[in-house]
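[1] using only what follows, build the 3D model:
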Amino acid sequence: MTQLVDTLKKVIGSLTALPPNPGNAAAPLGDILGVLSALQGAKCLPTPPVSAPVALPVDLQWQGPEECLPVVMSLFSNVFGLLGKVLPGAGLPDPTKLLSLVTDLLKTLTDALQKCGLPAPPGGLPTLPGLPGLPT
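    Residues are numbered from 1 along each chain as shown. Prediction:
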């Protein structure tokens, strides 16, 4: 969780800098997807169902609350949605919209910690600094 939070802080820093630099958020968002995938591979987070599941031994299957999977899929969706707004070629991003997407990502990550039984990172989750005219 520490790596995820540290990387998320880079995203927030890029988007809350004056002036904002959304292009610098693309690589850390890609890194976040890698961390989330690694958490799935380590069975800390569930993977989505597939049509022809491969039978895994019980000790390799994710064991946790049923409500965890939907929030994990929302977490991936939030990251992909934000990444799609900051990639080169995505056009000029709206900083207010980007910060709204980060707020949604932070809320979903909070839900994932609770619903998936993940440990809170040292120091807690990052927050958005209060900026004039931007949502926090």
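[2] which strands or helices does the longest helix along the chain pack on?
    If you go by DSSP state H, the chain has its longest helix at helix 95-115. Contacts defined by 3 or more Cβ pairs under 8 Å, 6 or more residues apart in numbering; DSSP states H and E place helix 95-115 against helix 2-16, helix 68-86. Every residue, glycine included, has its C-beta placed from N, CA and C.
[3] at 6 Å instead, please
    helix 68-86 (3 or more Cβ pairs under 6 Å, 6 or more residues apart in numbering; DSSP states H and E).
[4] quick one: list the elements packing against the helix it packs on.
    The helices and strands touching helix 68-86, judged by 3+ Cβ pairs under 6 Å, 6+ apart, are helix 26-41, helix 95-115.
[5] now the first one against helix 68-86, angle please.
    With axes from the mean of the first three to the mean of the last three Cα atoms, to 10 degrees as the criterion, the two stretches helix 26-41 and helix 68-86 enclose an angle of 160 degrees.
[6] ok, back up a step: need the helices and strands packed on helix 68-86 in CSV with mean pLDDT, mean neighbour count and distance to Met73, can you?
    CSV is the format used below for these (pLDDT from 0 to 100; neighbours: other Cβ atoms under 10 Å; distance: least, Cβ to Cβ, whole Å):
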stretch, mean pLDDT, mean neighbour count, distance to Met73
helix 26-41, 93, 17, 11
helix 95-115, 92, 17, 10
